[in-house]
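Student: Attaching a predicted model along with its sequence, questions to come.
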Amino acid sequence: MKRIDFRSDTVTQPTAAMRRAIADAEVGDDVYGEDPTVLRLEAQVAERLGLEAAVFVPSGTQANQLAIGAHCRQGDEVLTEAGSHILHYEGGAVPALWGVQPQPLPGERGLLSPEDVRAAVREDNIHNPRTRLLSLENTHNRGGGSVWPVARFRSVVEAARKAGLAVHLDGARLFNAGVALGVPVSAWASLTDSTAVCFSKGLGAPVGSALAGRADVIREARRLRKRLGGGMRQAGILAAAALHALEHHVDRLADDHANARRLAVGLAEVPGVKVDASRVETNMVFAEFSRPALEALSLLERHGVLTNPAGAPRTLRFVTHLDVSAADIDEALGRIRRAVS
Ligand SMILES: Cc1ncc(COP(=O)(O)O)c(CN[C@H](C(=O)O)[C@H](C)O)c1O
């Protein structure tokens with residue numbers, strides 16, 4: 001039975017056209033700054049995000065961690081929403097790599113308010129960690145793929161700036177946010193000091209992310225990347241895939257969003273499954289089952305439908321992507337109906 005894989009949009013496979021772009025890539029030694037394809041990608045990402053510079057990195061996790069290392073010093077504090085990826089899925093890197101204390105702030109579907117930020121910033125007192133950075137996430141993974149309204153994002157960034165904080169955006173799925181609202185990704189990214197974007201998720205590249213930002217931040221991030229062993233040589237073969245993805249796979253994210261809505265509407269009609277289809281904003285569907293999440297996950301897996309836990313006791317996360325079609329959605333719904341009946 002063909003597996004229908006909703007575990008994540010990280011599972012996408014490079015298309016034949018992308019593989020041709022990889023094979024034809026012009027390359028050089030990127031540690032010497034001589035890989036023309038990496039240089040082209042970094043320039044394009046900076047320009048598209050409305051930021052001064054960018055550095056190509058192997059993963060979204062590394063992009064986020066380089067930002068924290070570049071913005072913060074030991075004993076500093078980073079404010080972030082309580083469900084953020086940097087808190088839950090990066091191996092404790094914030095304290096482990098940088099000696100920085102994360103301060104989780106309860107948000108709603110991953111979004112914060114200016115008041116949340118103002119209330120969390122510590123006064124300058126020798127007892128206190130220094131609140132140095134606000135790290136936001138758009139779309140928000142544990143928030144269900146939620147999108148930040150641009151005006152709200154701007155007001156939260158302004159509150160952080162007034163308090164003297166730098167602002168980082170984990171934009172692993174920022175292109176999904178842009179397609180969902182019909183705005184360029186610079187609408188959010190240009191307001192920040194640094195923004196991470198991933199090519200290896202919905203955009204379908206096999207590997208790679210980028211950190212864009214102020215030139216001084218990216219210079220420091222590049223040094224930290226080398227320190228972490230992230231200096232890559234002929235990385236143009238990976239950058240070519242990212243360039244191909246930026247050219248051919250951004251607009252089609254709307255298909256993933258339509259498939260997510262299709263899945264949500266279908267799941268809402270399955271007995272014993274609870275889904276609020278109106279809350280599906282991008283490529284994620286959070287569905288509550290009438291049994292513990294891991295039991296539901298195993299049951300669906302036995303029927304060839306792969307998912308991941310979503311963080312709540314009975315909820316599974318379904319992520320649509322390049323390798324899931326509308327026909328796959330209908331097939332999966334049939335399998336899920338049979339599985340839970
Ligand atoms: C918001 C956000 N920021 C950063 C990352 C890290 O990207 P990678 O390190 O996996 O490239 C992810 C990956 N998210 C993955 C997924 O959703 O399946 C897992 C949870 O790590 C992410 O969702």
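Tutor: Looks like it came in fine. A quick note: this is a predicted structure, and the numbers were derived from the prediction, not measured.

Student: quick one, what contacts Leu246?
Tutor: 41, 44-45, 48, 199, 203 (CB atoms under 8 Å, 6 or more residues apart in numbering). C-beta here means a position set from N, CA and C on the backbone, and glycine is covered the same way.

Student: what does Glu137 give?
Tutor: 80-81, 84-85, 110, 143, 169-172.

Student: In strands only, show me the residues you listed.
Tutor: 80-81, 169-171 (DSSP state E).

Student: mind listing the strands for the protein?
Tutor: Using DSSP E, strands in the chain cover 4-5, 53-57, 76-81, 101-105, 130-137, 166-171, 194-198, 209-213, 284-288, 305-306, 308-309, 315-319.

Student: And the pLDDT at the closest residue to the ligand within the chain?
Tutor: With CB to the nearest ligand atom as the measure, Gly60 is the residue of the chain nearest to the ligand, at 2.7 Å. What the model reports as pLDDT for Gly60 is 98.

Student: That one: what's it in contact with?
Tutor: Contacts for Gly60 (CB under 8 Å, 6+ apart) come out as 85, 170, 172, 196, 198, 200-201, 209.

Student: And for Val324?
Tutor: 4-6, 256, 259.

Student: Next, count neighbours for Arg279.
Tutor: Residues near Arg279, counting by other CB atoms under 10 Å, number 15.

Student: nearest residue to it other than its sequence neighbours?
Tutor: Once flanking residues are discounted, Arg279 sits nearest to Gly144: 6.1 Å by CB to CB, 6 or more residues apart in numbering.

Student: Hmm, Phe286 and the one you found touching each other?
Tutor: Yes - counting by CB atoms under 8 Å, Phe286 is a contact partner of Gly144 at 4.9 Å.

Student: what is in contact with those two at once?
Tutor: With CB under 8 Å, 6+ apart as the test, Gly144 and Phe286 both reach 279, 310.

Student: so what's the residue nearest to Gly266 when sequence neighbours are not counted up against?
Tutor: Nearest residue to Gly266 in three dimensions, chain neighbours excluded: Leu333, at 4.1 Å (CB to CB, 6+ apart). Neighbouring residues of Leu333 by CB under 8 Å, 6+ apart: 263, 266-267, 270.
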